[in-house]
Structure formats: C-alpha cells, structure tokens
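# Okay, sequence plus prediction incoming.
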Amino acid sequence: MPASIELKAADHPWDNGDSIDVTLSGFDPEWLKKLMEGEISGVISLGISEEQNGLFPVIASVPPNDGTWSVSEDSKSLEMNLSGLKRDEKYFLRAFWTVPDAEPQLMASITESISPERQWFIGDKFELLFVGLVICGSVVLFIEIARRGKPLKVRKIAGLEAVDEAVGRATEMGRTILFIPGIQDMNDIQTIAGLNILSQVAQTAAEYEADVEVPTDRSLVMTAARETLQNAYLSAGKPDAYNPDLAYYVTDEQFGFVAYVSGHMVREKPAACFYLGAFYAESLILAETGNSIGAIQVAGTAEPSQLPFFVAACDYTLIGEELFAASAYLSGSPEEMGSLKGQDAGKILVGAGVLAGCLAETMAWSFMASLGVLTAVIGIPAVTYHLLKAKRPEAVT
Amino acid sequence: MKQLIPLLIAATCGIVLIITAFIPATVTWGEVAAVWFDILAAIAFVLGGANLLKIHLQRISEQEEGWAYSGITVVTFLLTLIVGLLKWNVPPNLDQEFLGETFVRVPVEQIPESMHYSVPVDLPAELVHHHLPLSSHRQFSVEINESGERITSIGFIGWMTANQKRELTQHHQRLDWQCAIDQLAETASPPPELNGVVRYVPNHRSLSVDGPLALEGETLLRSQSETADWQKSIDQLAEKSRRITQIPAADLPEGFEIPESILDRVSLGTETIDISGPISQSLKEELIDVFPRSRPMTSEQIDEFIQQLAKLPGGLTEPQTAFVRNSLEGAWTADQLIVVLNEADTPQPGKKSYCDLLAEQLAGGTVLLETIPPSGNATPLNEEQIAALKSVLFDPARSLHEISAALSTAGHFSQAQQSALDEFLGKQPTIGTRNRQLVVGLLSGDQQLSPEQLDFLLASYREEHNWRERVHAAMLAAHVTKYPWSGEYVAVGSPFWWSYEYAFTPLTATMFSLLAFFVASAAFRAFRAKNLDAFLLLGTAFIILLGRTSAAVILTAGLPDSLAFLRIENITMFIMSVINTAGNRAIMIGISLGIVSTSLKVLLGVDRSYLGSGDD
C-alpha cells in the first residue's frame, strides 16, 4: 500500500450544493501510472459516512477508471468530483486500499467533516451570463436610442418587400392568401416570429380586402392566430371583415397537416402563400405544391436544413435571422428597429471572437492576446475613422 | 387591461425560466412553469378539437364541395378519440398487475392500530430535516422532545417492505440511524404465519396476499382490528384470493405430476386441473417445468440418436450428421456440474448487522468493516458422490431429480449445493427445446429435413409449447385485473394499434415518399447554369450527388495517394464538413442572435404583435 497519502475534500464552488471535490495526493508518479494501467493488483476505494468513526460504504473506486477520476498534471494526485450528495449535510471521507483476498486497509481519511453548500449561481454559466448580458444589453441600449428619435437604417429584404406585392396579387385575382406559421407550438420562438409577421400581413390584407387563411397544427397557435387576425382587421378599420373561421385547427400530426394543406392548396389555389415559422420535412411538399399552382411564395424558417428547399422552390426566402427581423422591418416601429441594431452588436462580438479564435489557433497565442491584436489592428483604426468622419465639416458648394 | 395580463404572464414566465438556468435555488420554478404550459396546451386541445368538428360538420351540413372528405375526417376523428380514450381492448400493463397477488384497497389511515409500530431511540432531530424517501413518507413518523433537538421514537404504520427498509437505511449514513431503522423494520413486520404471504403495498395503498389466503392467515388478519372497514377488506381479500381456475385436463404432458410444493393449491381431477387463487409467475414456471431436461450423452447414445434420425425418410447429409454430433457433444457435461457443486460449498463471507456495527463503534472501534470473513472449509464431492452423479446422468431411465437424493446418500450435500444444482439444471434446455435448436441448425443453408424427421424432432417441443400456452392462459384467466387502463395505447393487437400500424403509418409514409419526387422536380428547376452562382451550385450538387454513389469511388480510385484529396469521396467530405458546416454555422449564429432579440422584445413587451396588436 502506498504510504503518506493525503485525502482532501472541498465544496465544489458555484454549484447547486450537491457535490464536493476530492483529492488524493502524495502518490509516486510511477506507481500511480502502473495502477491506472492495471499493472498493480489492487483497488483504491473511497467511502463516505455521516460520522467520523462510522461505516464507510464504498461510493467510488479506481481502477478501473469509469471517467470520474482524473490524474493531476504532476501525476501525484487523483481527483474526482463526488456528486449526488445532500446539501448542508456533514460528510466524512476515507480512502481504502484493497488487494484481492485481503481486507481493506485504511489509506487516508479527513478529520473535519465537509458539507456541500449551495451557491447562488451556477459557475459553469458565468461566460454564458456575460455574453447574454452584453447582447441583451446592446439590444436594450439600441431600443432606447431608437426611442429617442435616432434614425436607424436596415438593408432591404426582398421577401418582405414582396408582401405588398403578394397581397395585391391575391386581391386582383380574387383569391385567398395562405399563411402557415410553422408546425410547432407557441413555446417555439419561430412560431411567435411567424405570428408577429401575420399581424402585419393581415393588416395589409385587410386594407386590400383580401382574406388570409391560417391553418394551424396546434390549438394554442390557432387561438393566438385568431387574436392576431382580429386585431389586425380592427387596426385596418375593417372589423366586420374578420371571420374567426379563417384561423382553424387541422391536426397535430405533421404529415396529416401537410396532406390537408396540400389538398387545400390544389383545390382552392390561393394566390399567395406564406410559410413563416418552424418547418421540417414537410417544407418541400408545401413549397412544391404552391409552385405547381402558380402562387407567389414567401418562406422563412430558422431551421437551416429546410432553407435549401425553400430557396429552391419559393420566390422569396427569409434566411435565418431575417425571419426574426421581419416583424421590425414591416412595422417600422423605432423600438423594434433598435433591437435589430442590438443584434448587429452581437454579431460584431461573435465576429471578433471567431477571428480572434482563428488567430489564436493559427499563431498559437492565447485568446485574449489575439483579441488584443485584432482590436489594435482593426478596431482602433475603425473607431478613429468613424470619429473623424463624424467631425469633418460638410463641404460647401 | 386585456393585453396587460397576458403580457405580465409572458414576461414573468420568461424571466423565471431565464433565472432558473443560472440560479440553482430556483430550478423547480422553471419545472413548474413548464408543467403549466403543458396543462394549458392540453386544455387548448379541446378548443382545437371543437373547432375541427365545427368546421367539418358545417361543411357536411351545407353540402359544400368536398363535404365527403369532411365526413371521413369527422368519423375517423371520433373513432380515434373514443378508441384511444377508452383504451378499447388494450390489455393491462402486466408490470402493474402483480400477477399472483390479490389486492384490496386499504389507505394508510385505515390500517389498524395494532399495526402501528414504534421503537424508542435517541437521535438528533436534524436527521429528519431533509425529505424522507417517497416510498415511506406516508407511513414513517417521528416523535421529537420538547426542546426540538432529539428524536425520542420513530414509528411506522403497516408492515415495512424490503424496499422501504433499504431506502430508509440509506437515507443517512449513520450507524445509530441505520440500527434504529433495522429495529423498526424487525418490529414492523408481519407475523411469521403471514411473512412472505401478506404485505402492505404503499404505492398502491393496498393490502396484498400472494396466492389464496389460508384460513389461519385470515383469522390472524381479522384479529388485527374489529372495525367494519377492516373486516370488510379482509372479506374481499379472502373471497378474491380463493377463486378457483380450471384448466382442461385433456392432453396433459406425458408423465405429468403436480409438483409437491404446490399440491396445496393445485389438484388434478378427471376432467380439469383446479388451481386455487391467482397464479404467480413462479407458480406458472413450476407448472410448466414438467418436461425432462436435456442431459449429457455418451458417444453410444449420440450414435444411437443420429442413427434413429438418419433411418427416417430423407436421411442425413454429412454436414447434418456432424452438426448433430457436435451439438450433442457440446451440451453440458458432468464435470461442469461437479465444478458448480464444489464451488457452491465454498464458505461465503457473512455480513454484520448495523446494530452489531454500532455496538462495535460504541466500544471504540474506528475502522468498521461490514463483512465477516468466511469460515469453514469447502467439502468437495467425494468419489462415491461423483460416481452416483454420473450413474444418474447417463441413465435415461432415471430422472435428474434423483441426483440430490443420490448425492445426499453418498456424502455431505449442503443446502447451498442443492440450490446450485437446481439453478444449474434450471438453466439447461428441455429435450424439446434442444431438439428444436437442432432443427434450426439442420435447416440452415439449403439443407432439408423430411416431415417424418421434423415430427421426430419437434413432437416434444410442440407438446411443451402447447402446455406453456395453456398454463399462461390459465394465469391470465385466474388474474383479477387491478388497473384495467394501465396498458399502452399502442399495445400490439389493440384496435388503436391496428389503426396506427395499418392505416396511419402507411398514409404518413405515402406523404413522406412524395418528397422523393418533389426533390427531383425542385432540383430540376433549381440546378440550371444560368449564371456563375448557379453554375457553382450545380457543380457542387453534382459532386455531392456523385460522391454518395459507388460509381464515384470507382471513377477516382486510380488517383495516386499524393492526389488522394482529389478523389470524389474526399472532395465530398471536404465540402460537407468544411464549406457546408461553415455556412450552416454562420446561419445558426444569426438565428441565435435573432432568437435572443425576439425573446427580449417579447419579454419586455416591445413586440406585442403575437397578442394581436402593437397598440396599448
């Protein structure tokens, strides 16, 4: 049995109060290496008890290492994280050395009890919180800036520019507009984005006196779509034109829903079809059916695997974040436009991170060093240029 | 106001869900919010279903174009709803049925006073600050002294099951607690006459009896309480547990005898076999286990078997003969059994009780070990026993059940060895099963067997199978269903399963298969080289499509290793794993930022279009 082994235990920091970090130190590196490779016959076991001189049933042992144990860099210590403990309970630990056909021998123990404590924050998520605060903060900041009247520019999005065209076409042809807000429930943000766009499309359609049909595959979405349509018609000053049966529930089942919608499209031949939300395998069936009836189609989804199908079969496609920007784009509301700018700040952050990471990997630098270099090389000149441009007086002609 | 409340609800739930991701103390709030959403969605389904019925019934009544489709929709909707809700013809889940046991509902509050047990203890009160195990929390109780610092007694209502004892014991790793639980478990156990027969099942709040309730047991149970509720419960238990099930006694297996251990429950009449009480899995196994097991065969016996088989019409080919010989020679041997019996007699380590360990601790022990080293020596089988064993094994006229008697007569034969013998023999296939395995091997490849040979080999297996089916049917007939609606909706054979398997799945597959044609038509339109971008798209699609076929591998297989990167399969992999992944990730980053922004707008109430309007 190895001699002079020390057992230490400490509360795992920034957790839910159910784990402690255990370290067995003082091993001879060669001996430890042989043990972990199975060249030494024997097992190190860790026992736990709520009393110092109690029974210590084994809760972990090595070898074999099931992945919970790790060897320190100097190969003199074994470390593990012991989880599944009760918060604020006092525990004692002992390490035993057991060889075959012999009784376990006490190797090391702790004399003071250890209690896992719950911290108020989960430490693994510090970075996530930081990034979240930066992005959310920038969104809130730009919303506030927009509220104060600063004009904000957004590039043209062809699919959204075509909404008026699509609605006008439907009105001229005397046919309906079909709007599908995806096949997921209200807990999916894409569905909410789709309904936000429905509000704008319905308002335009109400002004043109065209009907918007919204078949849904979730009951909650049907209810929300009805509210959206009703208020859109009300805002357009056409409350009598609203028909609650325009938003209806079909079925929860994916292919049952698309079978109904496809058949409906072939029979009723809507002039314009909007597919804006979460779609999966049925995306191409819907898009191709719409193409076959000659409808103008605008699609948008945040499912990257479905985007190629929409791009191939639809007239206009909102790719990724354009779906989420659509509501702001169509409404033109300053607060919503401000949120788009806030998103851009997040993109700059991500872009900087990607570039810094690539530089760090390529040049074998640390990440912060790479970020510093990028800031010096690109960031400072860019900011300086921007400031100088702002200060330059207008040319007098 | 109309929009304010939904906005507040949305904002509160959203913020709670964000907080729960970071603050451990609030994790349960998020779970509650998620559950409330599920409840809301379930209630909303009623709205959706009602809307569906309304629209389609309207179409039918107004005879609009396509009203027949609406008729089909309504009929199938109602059929599925009724068949699914009622779980029509769905058998109960056998895991919940406790085959062989009869239940009678006895809530914890109705358990008689005589079945309330307690032991005095002196333990710190903090031991019960944490939640007690769910299996025991309704029955377990403590009494705490006036100062609130010490537990003076622990109590239990009803009889403690092994699982409850284990969970309570593991609730604290302290010997004083564990010893107290041991003592409580010993106190809160049924009388010896009822032990192993009657138990209280806490999760089902029921009193249970295994098999028929004996009169002695019934008297004991009645004596626990005079209350009308309790007496009525015992009446029901006795009545339900003593039902007689009958199996036709025609075509019984050859040499069938009722095992001794179940003679009190099973009786053989002229026309029927009567079984008293429900049939448990172990009783069923005992009733089924009446067929002889396969045993080791000598070379002469193997030759005789092969000759018998070869003499039948059809004969045996050389590979078939070799297969039969190898299979029969590869069966278990007497030596294997001897090794098992010798090992079974090896002394096993014992285990100290928690109270013994506590006493050791109080006496000053610091390193406490739970196991007691084994004592005594193993006694291997002697020469006489080995000879007796072999004489039984190789004599087909003698039953394998005679082995234990022969070994006991010839020398030392312990209970552990008897158990090992039963276990070993229980694992060996019956003669019918062995012959069936032979048939499977003999028919492999293009080999054949004549009908006479098949009859010869499979006759005993058929008998076994039929008997097994009859006993299983009797087990189900003797069973009183406890939870008729516990079965799976899609239990094989039920009408719901049938409609799912033979109507719904083919229809879904049909719709899904349309994608193949739509992909072709979309590709035909999209992949046209009108400009540089389209040409690049076409070229990439061509390489990827070709790279997925074996033709591409053949086309570029001739390239040298230095140009291996130009092989189509490698180019395909490069495009998919580098270029495509890069594009995908860029889109995903944009999507993630869009999700953050939209979620924030919804939480802050900036974007209220989904509620109907952006106006206040």
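Structure's in. What do you need?

# Alongside chain B, which residues does the stretch 51-200 of chain A contribute?
By C-beta under 8 Å from any C-beta of the partner chain, the part of the stretch 51-200 of chain A that sits against chain B consists of A:51, A:53-57, A:86, A:89, A:91, A:103-104, A:106, A:118-122, A:125, A:128-129, A:132, A:135-136, A:139-140, A:143, A:185-187, A:189, A:192-193, A:195-200. Placement of C-beta: from N, CA and C, glycine included.

# Which segments of chain B make up each domain?
B:4-86, B:96-241, B:244-288, B:299-478, B:488-526, B:527-616 (automatic domain parsing).

# buried residues in the shortest one?
By neighbour count, with 16 or more other C-beta atoms under 10 Å in any protein chain shown as the criterion, the buried positions of domain B:488-526 are B:494-497, B:499-500, B:504, B:508, B:511, B:514-515, B:518, B:522, B:526.

# Need the three-state assignment for A:Ala108.
strand (DSSP: H, G, I helix; E, B strand; the rest coil).

# what's around it, how many residues?
20 (other C-beta atoms under 10 Å in any protein chain shown).

# contacting residues for it?
A:5-7, A:24, A:94-95 (C-beta atoms under 8 Å, 6 or more residues apart in numbering or on different chains).

# Chain neighbours aside, what residue packs nearest to it?
A:Leu7 (3.7 Å; C-beta to C-beta, 6 or more residues apart in numbering or on different chains).

# So the one you found sits against A:Glu112, correct?
No: contact status for A:Leu7 versus A:Glu112: not in contact, 11.4 Å apart, counting by C-beta atoms under 8 Å.

# Can you tell me the element the residue in the stretch 451-600 of chain B that chain A sits nearest to falls in?
Closest residue of the stretch 451-600 of chain B to chain A, C-beta to the nearest C-beta: B:Gly594 (3.1 Å). Per DSSP states H and E: B:Gly594 is located in helix B:581-604.

# Now do the buried residues in that helix.
Here helix B:581-604 shows B:587, B:589-604 as buried, counting by 16+ other C-beta under 10 Å.

# Now do the phi/psi pair for A:Asp21.
Dihedral pair for A:Asp21: phi -100, psi 130, per degrees, to the nearest 10.

# Quick one: residues contacting A:Ala364.
Contacts for A:Ala364 (C-beta under 8 Å, 6+ apart) come out as none.

# Distance of it relative to chain B?
Between A:Ala364 and chain B the distance is 21 Å, computed by C-beta to the nearest C-beta, to the nearest Å.

# Give the residue spans of chain B that score low on pLDDT.
For chain B, the stretches with pLDDT under 70 are B:1-2, B:610-616.

# Chain A versus the residue nearest in space to the middle of it, what's the distance?
Of all residues in chain B, the one closest to the mean position by C-alpha atoms, centre = their mean is B:Asp95, 7.3 Å from it. Going from B:Asp95 to chain A by C-beta to the nearest C-beta gives 27 Å.

# Same question for B:Ser135.
From B:Ser135 to chain A the distance is 17 Å (C-beta to the nearest C-beta).

# Not counting sequence-adjacent ones, nearest residue to B:Gly350?
B:Ile372 (3.6 Å).

# Quick check, that neighbour in contact with B:Pro349.
Yes: contact criterion C-beta under 8 Å: B:Ile372 and B:Pro349 qualify, at 6.1 Å.

# quick one, what contacts residue 26?
This is for chain A. Going by C-beta under 8 Å, 6+ apart, the list of residues near A:Gly26 reads A:2, A:4-6, A:76-77.

# wait, I meant chain B there
B:16, B:19-20.

# Now with 10 Å, please.
Contact partners of B:Thr26, counting by C-beta atoms under 10 Å, 6 or more residues apart in numbering or on different chains, are A:120, B:16-20.

# May I have the secondary structure class of it?
State at B:Thr26, reduced to three classes by three-state DSSP: helix.

# B:Asp303 and B:Glu329 touch, don't they?
No: taking contacts as C-beta atoms under 10 Å, B:Asp303 lies outside contact range of B:Glu329: 11.1 Å.

# Need the overlap of contacts for those two.
B:Met297.

# A:Ile197: neighbour count?
29.

# That one sits in which helix or strand?
helix A:189-208.

# Dump that helix to CSV, restricted to CA.
Below are the C-alpha coordinates for helix A:189-208, written out as CSV (Å, rounded to 0.1, in the frame of the first residue of the first chain):
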residue,chain,number,x,y,z
ILE,A,189,-39.9,31.4,-30.8
GLN,A,190,-40.2,30.8,-34.6
THR,A,191,-44.0,30.5,-34.2
ILE,A,192,-44.1,33.8,-32.3
ALA,A,193,-42.0,35.4,-35.0
GLY,A,194,-44.4,34.0,-37.6
LEU,A,195,-47.4,35.3,-35.8
ASN,A,196,-45.8,38.7,-35.5
ILE,A,197,-45.4,38.8,-39.3
LEU,A,198,-49.0,37.5,-39.6
SER,A,199,-50.1,40.6,-37.8
GLN,A,200,-48.5,42.8,-40.5
VAL,A,201,-49.6,40.7,-43.4
ALA,A,202,-53.2,40.5,-42.1
GLN,A,203,-53.3,44.3,-41.7
THR,A,204,-52.2,44.8,-45.3
ALA,A,205,-54.7,42.2,-46.5
ALA,A,206,-57.5,43.8,-44.5
GLU,A,207,-56.7,47.1,-46.2
TYR,A,208,-56.8,45.4,-49.6
